[in-house]
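In: Pasting the sequence and the predicted coordinates here, then a few questions.
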Amino acid sequence: MDSLQRLEIVEAVKGVKARYFRHIDRKEWDRLAECFVADVEVDVSDDLARTGLDPADGRVRGRDRFVRVVASFLEGVTTVHHGHMPEIEVVDDTTARGTWAMYDRLEFPDGRVQCGAGHYEEEYRLDAGAWRIARLRLTRLTMWQEAPA
């Protein structure tokens, strides 16, 4: 694989991650599903444990199930998600890995505001001509509550 092909893959991976953040914040659930392979493996157990929820509920397999869980959890929640400083490794012409620094802010209907920072560790796969997330693991460095805006 030449340098141009590697760069094209890196840019495609950056694009799918940007769409992931945008579709979550806009609550575009059908479009969010397009960011994942059908058998995606998601682990947000660290996130749930830090908020006092059952971490076992944070391990989800399957695109449709994951999108349903996210849509349900974020019902009525205003969110802002940012991904920064991508480190992307092209494994081969159909597989890549990446780590992203992240920040998010969630404004819940009851007035609570939760913010956090951490990292996404992911694997990507070329699937039906598009790069998609095949594995996603979110770990937090910190999480805090803010006063409502």
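Out: Thanks, I have the structure now.

In: need the contact list for the closest residue to residue 44 other than its chain neighbours.
Out: Excluding the flanking residues, the one nearest residue 44 by CB to CB, 6 or more residues apart in numbering is residue 58, at 4.2 Å. No exception for glycine: its C-beta is placed from N, CA and C like everyone else's. The neighbourhood of residue 58, defined by CB atoms under 8 Å, 6 or more residues apart in numbering, consists of 42, 43, 44, 45, 46, 47, 48, 49.

In: now these as a markdown table including secondary structure?
Out: Formatted as a markdown table, those follow (DSSP: H, G, I helix; E, B strand; the rest coil):
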| residue | secondary structure |
| --- | --- |
| 42 | strand |
| 43 | strand |
| 44 | coil |
| 45 | helix |
| 46 | helix |
| 47 | helix |
| 48 | helix |
| 49 | helix |
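
In: residues of the helix or strand bottoming out on mean pLDDT in the chain that come out buried?
Out: Between all helices and strands in the chain, the lowest mean by mean pLDDT, DSSP states H and E belongs to helix 45-50, at a mean of 74. For helix 45-50, a neighbour-count test (16 or more other CB atoms under 10 Å) marks 45, 47, 48, 50 as buried.
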